[in-house]
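Novice: The sequence isn't on hand, but the structure is:
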Ligand code: GAR
């Protein structure tokens, strides 16, 4: 089973989706470490409940982003992590971290990238009046919320949607999307060709799931 390290900063509902997927012995990955930059993150309790090792690396304890990231890498290496999954991890990582984990570092983002990188994606989608919104799991590159797309899920925007209602609909899609992306990677079915992802056994590129 592919060894996952999951990086969180808060609620950890995407972490929970991965924990639930990994609970199936037939799932090709397992979580060996959950690391949070916030001591009070609810996701740490989810990890403990599931009997998964946890670590807290507080960015406040480090003078530079480089030293913080180096400490995170050391913890991940100690746990023999093979794939790093960002799941609501709200720190921008340094280029040296991203390079150290190149093609072994993925993120889930609450929009259909390349639309709406950054924060407040649901409010900005409503403001823009888009009819479809969604989420993206992608390999991480140095520009914020950029990198080869593995899976996207599209959700409709309803007339009169509030930010919370839209966020909830997207989050439900996130919880299906992240375990699927990890499964494909663990099954070694993803290849990056010219910075685009090809998935063996799946027609076309980066299919959308609903
Ligand atoms: C999720 O919606 C995730 O896509 C988003 O934060 C939320 C975390 O929720 N990530 C980002 O915005 C990354 N820039 P969770 O802690 O319940 O998984």
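Specialist: Perfect, thanks for sending it. Please read these numbers as outputs of a predicted model, since none were measured by experiment.

Novice: hey, let's count contacts and neighbours off CA atoms from now on
Specialist: Will do.

Novice: Which residues does stretch 176-194 contact?
Specialist: Applying Cα atoms under 8 Å, 6 or more residues apart in numbering, the contact partners of stretch 176-194 are 1-2, 14, 17-18, 21, 27-29, 108, 135-137, 148, 150-153, 197-201, 209.

Novice: Can you say which of those residues are buried?
Specialist: Neighbour-count burial (16 or more other Cα atoms under 10 Å) applied to the contacts of stretch 176-194 gives 2, 14, 17-18, 21, 27-29, 108, 135-137, 148, 150-153, 197-199.

Novice: most residues in a single helix of this structure, which one?
Specialist: helix 163-186 (DSSP state H).

Novice: so what does the host helix or strand of residue 5 touch, helix or strand wise?
Specialist: If you go by DSSP states H and E, residue 5 is part of strand 2-8. With contacts taken as 3 or more Cα pairs under 8 Å, 6 or more residues apart in numbering; DSSP states H and E, strand 2-8 sits against strand 29-36, strand 83-86.

Novice: which residues of the protein fall in strands?
Specialist: 2-8, 29-36, 54-56, 83-86, 105-109, 132-139, 149-156, 190-193, 196-199, 208-209 (DSSP state E).

Novice: Quickly run through the sheet partners of the second one, with directions.
Specialist: When you say that, I think you mean strand 29-36. strand 2-8 (parallel), strand 54-56 (parallel) (DSSP bridges).

Novice: and of those, who's closest to the ligand?
Specialist: Nearest to the ligand among the strands paired with strand 29-36 is strand 2-8; the distance by Cα to the nearest ligand atom comes to 6.5 Å.

Novice: So for the closest one, mean pLDDT?
Specialist: For strand 2-8, mean pLDDT is 98.

Novice: Residue 44 and the ligand, how far apart?
Specialist: Distance, residue 44 to the ligand, by Cα to the nearest ligand atom, to the nearest Å: 10 Å.

Novice: Can you read off the pLDDT for that residue?
Specialist: 98.

Novice: need the contact list for the residue nearest to it when sequence neighbours are not counted.
Specialist: Using Cα to Cα, 6 or more residues apart in numbering and skipping the chain neighbours, the partner closest in space to residue 44 is residue 54 (6.7 Å). Each residue near residue 54 by Cα under 8 Å, 6+ apart is listed here: 33-36, 44, 47-48.

Novice: Buried only: go through those for me.
Specialist: Neighbour counting over the contacts of residue 54 (16+ other Cα under 10 Å) leaves 33-36, 44, 47 as the buried ones.

Novice: by how many degrees do the longest helix of the chain and strand 29-36 diverge?
Specialist: 130 degrees (axes from the mean of the first three to the mean of the last three Cα atoms, to 10 degrees).

Novice: can you offset everything so residue one is 58?
Specialist: Okay, using 58 as the starting number, the last item reads as helix 220-243.

Novice: could you give the mean pLDDT of helix 220-243?
Specialist: Average pLDDT, helix 220-243: 98.
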